[in-house]
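>>> Here's my sequence, what's the structure:
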Amino acid sequence: PIFQDTNGLAVKFFIQKDISQETQAELCETITSLGGRVEAKVPRQGYILVQPGTAEAERLRLCWASPDRPERYFVPYTYVEACKIAGMLLKQIFVENGAPIKMHIHHSIANVNARAALSQRIMHSGGDPTASPQSARVILADPNTEVFQHLVKSYQGVPDKYIESYLWVKKCVEKGALLYTPLVYKNPGGRRPGEERTSFTEEDEERLCQWIATKIPYKETGGRTGNRLYQQLCEMVVDPEYAWVTRHTWQSWRERYKKNSVRLDNLIAAIVEQKKPAHGEKGQYGYVRKVEERARRARKRRGKSAEEAFQTEKIIGDINKNVPGTPPIIIFPSMPTELPGGSQPSTSAIPRVSPDEEEMEDGEDIEDWRIQVGNEPPPAWGKRGVDTEGENKELHNAKRARSLNRSNYPSSVLGDEPRPPSSSQTSGDAAAHINLHVIDQAICDIAHEYRFTVEEVKEFYDKCGEMERTRARFRKMRELLTTISEGIGDEGNAS
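Modelled structure (predicted):
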């Protein structure tokens with residue numbers, strides 16, 4: 001029977017008096033059937049069945065709980081049914097010095113049914129699951145949540161405070177003993193007392209000095225006590241010649257130099273004296289390749305056009321015209337003028353030239369720089385800017401041509417009827433030739449050499465994209481046309 005001890009004696013039970021008569025009758029029947037015995041008085045050894053949370057249960061506990069009676073246990077009346085289901089007498093393992101161990105079920109165990117079942121199991125084994133987190137000795141939480149690790153870290157320094165999984169209760173019940181999760185030793189690092197360490201040898205120091213002499217040959221450069229120098233040394237372990245670096249950590253190499261810098265500096269100086277490296281040689285610590293600078297294109301600034309200057313003077317002239325008695329406003333050109341007798345003005349009298357201004361080109365008439373004064377008629381260059389606006393505009397476009405069109409090429413190349421070129425046309429042709437792109441110039445040369453129009457040559461080049469093929473095509477066409485013309489001449493002679 002379940003309710004009999006090892007000696008075959010019946011286990012004694014006392015039932016709280018204010019429990020309903022029906023429940024008491026059922027309990028008496030079950031206890032008797034399982035080999036136990038119900039007593040009318042509180043037994044010295046046995047179980048007191050109470051209804052948790054009632055005043056009578058608290059009164060019984062206060063009156064009859066005593067350290068002198070460690071084998072007298074207070075359990076809920078459901079304990080009888082739990083033993084019947086388990087098929088054995090559940091041990092009171094969650095008891096210490098006759099008092100139940102206080103436990104707290106953490107809110108990380110969110111399932112209500114799981115919390116209720118866990119609470120019943122704790123009470124059936126003698127524990128008190130109603131304690132607060134502060135007063136509880138054991139806090140039960142869900143190990144699959146982040147809060148569990150937080151609780152472990154928070155209470156790892158508090159004595160007699162344990163953080164356990166909700167599965168811990170089941171394990172203890174199955175084993176019939178109170179077993180907390182054991183602590184294991186985690187190596188905090190460092191060398192244990194009495195443990196041997198790898199000593200530095202003379203060969204180690206010599207290799208260390210060789211490394212420093214190569215990387216930082218001159219102490220005044222700085223960096224010999226930095227971390228990176230010795231980290232780089234240990235990173236050289238991939239090189240078979242530097243397999244010796246594994247004898248010590250980079251911190252040990254650094255400390256070795258730092259604590260013996262006076263003696264090791266002399267050894268390093270002797271090595272440097274033999275090799276005599278220059279400051280900043282390739283491979284030395286702290287020197288890196290200089291970033292190449294990109295060449296910047298100089299931006300050419302445009303000067304004021306003649307038309308803009310004329311408009312400015314015209315506005316000033318109009319102002320003088322409308323205001324009687326106003327002295328005329330004179331705008332002098334930015335270039336220095338020549339004094340009578342061929343003498344030049346002093347440098348102090350020459351006005352400062354702005355970057356937006358341009359110097360007069362050779363061959364330009366000084367007369368062209370006259371200005372309008374007061375109500376006088378505008379100068380010739382101003383009139384010319386108005387009268388011959390179309391011609392100047394065409395010449396201006398020819399100077400600034402960058403793409404291939406008919407107005408960009410001289411008349412001799414385009415195949416027009418020959419006529420004596422004027423001086424303005426000649427200068428325009430020269431400017432156009434200078435400003436042509438290399439490909440455009442080559443197209444012009446082909447057109448001129450084989451006597452075809454530029455449009456024809458350009459059209460074929462745009463299709464094939466090869467200059468040599470274009471040249472061969474028009475050379476062949478010119479040879480063919482020459483042969484045809486010679487044949488026509490021979491037929492005429494024959495007739």
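
>>> would you put the C-alpha positions of stretch 224-236 in CSV?
In CSV, the C-alpha atoms belonging to stretch 224-236 read as follows (Å, rounded to 0.1, in the frame of the first residue of the first chain):
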residue,chain,number,x,y,z
ARG,A,224,57.3,51.9,-30.4
THR,A,225,55.0,51.5,-27.4
GLY,A,226,51.8,51.5,-29.4
ASN,A,227,49.6,48.4,-29.8
ARG,A,228,49.4,48.2,-33.6
LEU,A,229,53.2,47.6,-34.0
TYR,A,230,53.0,44.4,-32.0
GLN,A,231,49.7,43.3,-33.4
GLN,A,232,51.2,43.5,-36.9
LEU,A,233,54.0,41.3,-35.6
CYS,A,234,51.7,38.6,-34.5
GLU,A,235,49.7,38.9,-37.8
MET,A,236,52.9,37.8,-39.6
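
>>> buried sites along that stretch?
Buried positions in stretch 224-236, judged by neighbour count with 16 or more other C-beta atoms under 10 Å: 224, 229, 230, 233, 234. For the C-beta atoms, the positions are set from N, CA and C on the backbone; glycine is no exception.

>>> out of these, which are inside helices?
Applying DSSP state H to these, the entries found in helices are 229, 230, 233, 234.

>>> Return the member of the residues you listed nearest to residue 137.
Relative to residue 137, the closest of these is residue 234; by C-beta to C-beta it sits at 49.2 Å.

>>> Kindly provide the distance from the closest one to residue 246.
Residue 234 is 8 Å from residue 246, where distance means C-beta to C-beta, to the nearest Å.

>>> can you map out the helices along the stretch 101-250 of the chain?
For the stretch 101-250 of the chain, the helices defined by DSSP state H, counting those that start in this stretch cover 112-124, 146-155, 167-175, 202-215, 227-235, 250-259.

>>> Can you check which of those helices gets nearest to residue 94?
That would be helix 112-124 among these, by C-beta to C-beta, at 6.2 Å.

>>> Which elements pack onto that closest one?
Judged by 3 or more C-beta pairs under 8 Å, 6 or more residues apart in numbering; DSSP states H and E, helix 112-124 is in contact with strand 72-76, helix 79-86, strand 103-105, helix 167-175.

>>> and residue 63, how many residues sit next to it?
Number of residues near residue 63 (other C-beta atoms under 10 Å) recorded here: 9.

>>> wait, what's in contact with it?
Contacts for residue 63 (C-beta atoms under 8 Å, 6 or more residues apart in numbering) come out as none.

>>> Same question for residue 35.
Contacts for residue 35 were tallied using C-beta under 8 Å, 6+ apart; they are 1, 2, 3, 4, 10, 11.

>>> pLDDT value on the nearest residue to residue 136 once chain neighbours are set aside, please?
Counting by C-beta to C-beta, 6 or more residues apart in numbering, residue 104 is the residue found nearest to residue 136 once chain neighbours are left out, at 3.6 Å. With respect to pLDDT, residue 104 has a value of 95.

>>> repeat for residue 115
93.

>>> Can you tell me how far it is from residue 471?
Remark: distance between residue 115 and residue 471 (C-beta to C-beta) = 97 Å.

>>> So what's the residue count around residue 454?
The local packing of residue 454 (other C-beta under 10 Å) involves 21 other residues.

>>> That one and residue 447 touch, don't they?
Yes - Residue 454 lies in contact with residue 447 (C-beta atoms under 8 Å); the separation is 4.7 Å.

>>> quick one, strands of the protein?
Secondary structure of the chain by DSSP state E: the strands cover 12-15, 37-38, 46-50, 72-76, 95-96, 99-100, 103-105, 138-141, 162-165.

>>> Go ahead and confirm residue 98 touches residue 69.
Yes - here residue 98 lies in contact with residue 69, judged by C-beta under 8 Å, at a distance of 6.9 Å.

>>> what residues are up against the nearest residue to residue 237 once chain neighbours are set aside?
Counting by C-beta to C-beta, 6+ apart, residue 245 is the residue found nearest to residue 237 once chain neighbours are left out, at 5.4 Å. Residue 245 makes contact with 233, 234, 236, 237, 253 under the criterion C-beta under 8 Å, 6+ apart.

>>> Quickly name whichever of these is closest to residue 197.
Using C-beta to C-beta, residue 253 comes nearest to residue 197 of the contacts of residue 245, at 13.8 Å.

>>> burial of the closest one, as a residue count?
Using other C-beta under 10 Å, residue 253 has 23 other residues around it.

>>> From residue 69, how far out is the nearest residue to it once chain neighbours are set aside?
Distance criterion C-beta to C-beta, 6+ apart; nearest residue to residue 253, sequence neighbours excluded, is residue 230 at 4.6 Å. Using C-beta to C-beta, residue 230 is found at 70 Å from residue 69.

>>> for this protein, which spans come out with low pLDDT?
Counting by pLDDT under 70, the ranges of the chain that qualify are 185, 187-196, 280-370, 372, 374, 379-436, 487-495.

>>> wait, residue 103 sits on residue 128?
Yes - using C-beta under 8 Å, residue 103 is in contact with residue 128, at 6.5 Å.

>>> anything in contact with each of the two?
Applying C-beta under 8 Å, 6+ apart, one finds that residue 103 and residue 128 are jointly contacted by 94, 122.

>>> burial of residue 456, as a residue count?
Counted with other C-beta under 10 Å, residue 456 comes out at 16.

>>> burial measure for the residue nearest to residue 32 when sequence neighbours are not counted, as a count.
Nearest in space to residue 32, with sequence neighbours left out and distances taken as C-beta to C-beta, 6+ apart, is residue 38 at 7.3 Å. Look at residue 38: counted by other C-beta under 10 Å, it has 18 neighbours.
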